[in-house]
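# Sequence and predicted structure are below.
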Amino acid sequence: MAVLRQPKRRKPFHAGRKYGCAFERTFSAPPPAGARVAGRGHLPTSGESWSFNVRPVAGALVFAAIAPHGGLAIEEACTPEERGLAAATRAGMKELGRLFGAARPQAVVVATPHNVHIPGAMGVLVSGRVAGRLAGAPSAIALDVPTDQKLAWRLLECLGSAQVPAVAVSFGSNDPADAVAPMDWGTLIPLWFMGGRNDPPMPLVVITPARDLPASDHIKAGAAIAAAAVAAGLRVALIASADHGHAHDSKGPYGFDPAAKKYDEVICELVRGERLDRLADIPSDLVEAAKADSWWQLLILHGATAKGWSGKLVSYEAPTYFGMLTAAYEPASPSPFRGEGRGERAQLATPAISPGSASPPRKRSVRRTRAR
């Protein structure tokens, strides 16, 4: 796996054009005399907020989703004994796929916790393709998807403008255009329903969170994704690939801890109440005790959708030792959920189950475990 740090003075893709990424200060009160109000590389201080200044609005983030990455989400990946599990999740994934298609994105960004892990930095895959198959599935569940390299580099530029530590990552061939990076299950399973099986497959950008970076960096990374979509002039969808507490079952690989149910209940409450702004208030010891696999990706999604978006929890269940949740997000205006020529807005479905609390895990006759 090659880690390619972006050159400090690399000529940006937008050189000579009318768009790019800039980090802009905004003040809740008039700035002090002599203050430098806008420019690259500034971090907000007390009394300031931050935003991206990207022109023109030729593209946009048009859809976002929280999607699980447990193999039970794909019916074809289940054994006969497993097919009675996770029915609500599979229905939720199909609903996400419907809404994803209605938004008509041109590229998809997946935030996954199961690809490269880089100390102190987020990773963005810049290899020409990302390909892989779901290990342990009884049938061939495999995808081979092109990377939108232009969007990937734009994202790196926007992350740099926000001073979020990030590196470009490739694999195999020394020429990233010819390189094929491994596709992890955190990427494959959501793409199975959203763009990966299109003909041709929808171009992809993979970003990996960094658990040793603060919540604020993940929120800024989400804003950078939205900014990169505008800068690239593309309709882009964002998927936060996330499973939740992994300690629901004493027979699971992480044992039982009541924190898993508590964490999942908090996440359901925040998603249902459209209060992802409170994610950063969740105690880190609760996240760790729950063996959660979602907090960082949800922070990224929140950063991308913090202003003018609405969301709805579609399903939640904990059929085995980990919790799975589906949720869809749309911008308030202009709505991407419009049918061609009809001007009709696609309706978010009623939740497949009551999302009020984490349901107790049901026992399964065949156990497959995976790293969280």
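Okay, I see it. Residues are numbered from 1 along each chain as shown.
# low-confidence ranges in this protein?
Applying pLDDT under 70 to the chain flags residues 1-58, 333-372.
# Break down it into its strands, ranges please.
Using DSSP state E, the strands of the chain run over residues 2-4, 23-27, 48-52, 60-67, 107-111, 122-125, 129-133, 142-146, 166-170, 180-182, 204-208, 235-241, 309-317, 324-331.
# Would you mind saying which of the ones you listed lies nearest Pro253?
The closest of those to Pro253 is strand 324-331. By C-beta to C-beta, the value is 16.1 Å. Where you see a C-beta, it was placed from the backbone N, CA and C, and this is true even at glycine.
# CA atoms only for the closest one - export them in CSV, please.
The C-alpha atoms that make up strand 324-331 are tabulated as CSV, following Å, rounded to 0.1, in the frame of the first residue of the first chain:
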residue,chain,number,x,y,z
MET,A,324,-27.3,-2.0,12.2
LEU,A,325,-29.0,1.2,11.2
THR,A,326,-30.1,2.8,7.9
ALA,A,327,-30.9,6.4,7.5
ALA,A,328,-31.3,8.8,4.5
TYR,A,329,-30.5,12.5,4.3
GLU,A,330,-31.6,15.1,1.6
PRO,A,331,-30.8,18.7,1.1
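# So which elements touch it?
When contacts are defined as 3 or more C-beta pairs under 8 Å, 6 or more residues apart in numbering; DSSP states H and E, strand 324-331 sits against strand 60-67, helix 87-103, helix 258-272, helix 295-305, strand 309-317.
# could you redo the last one with a cut-off of 6 Å?
For strand 324-331, the contact count by 3 or more C-beta pairs under 6 Å, 6 or more residues apart in numbering; DSSP states H and E identifies strand 60-67, helix 87-103, strand 309-317 as packing neighbours.
# and the angle from that strand to helix 87-103?
Note on geometry: by axes from the mean of the first three to the mean of the last three C-alpha atoms, to 10 degrees, strand 324-331 and helix 87-103 are set 20 degrees apart in direction.
# Show me what strand 324-331 is in contact with.
Residues outside strand 324-331 that contact it (C-beta atoms under 6 Å, 6 or more residues apart in numbering): 64-66, 68, 70, 89, 92, 96, 99, 243, 271, 305, 308-309, 311-316, 337, 348.
# Now the buried members of those residues.
Neighbour counting by 16 or more other C-beta atoms under 10 Å classes 64-66, 68, 70, 89, 92, 96, 99, 243, 271, 305, 309, 311-316, 337, 348 among those as buried.
# quick revisit: what about the helices and strands packed on strand 324-331, which gets the closest to Ala224?
Ala224 lies closest, by C-beta to C-beta, to one member of the helices and strands packed on strand 324-331: strand 60-67, at 10.9 Å.
# Which neighbouring elements make contact with that closest one?
Against strand 60-67 (3+ C-beta pairs under 6 Å, 6+ apart) you get helix 87-103, helix 215-232, strand 235-241, helix 295-305, strand 324-331.
# will you turn these into CSV that also has distance to Phe256?
CSV is the format used below for those (distance: least, C-beta to C-beta, whole Å):
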stretch, distance to Phe256
helix 87-103, 21
helix 215-232, 27
strand 235-241, 25
helix 295-305, 20
strand 324-331, 18
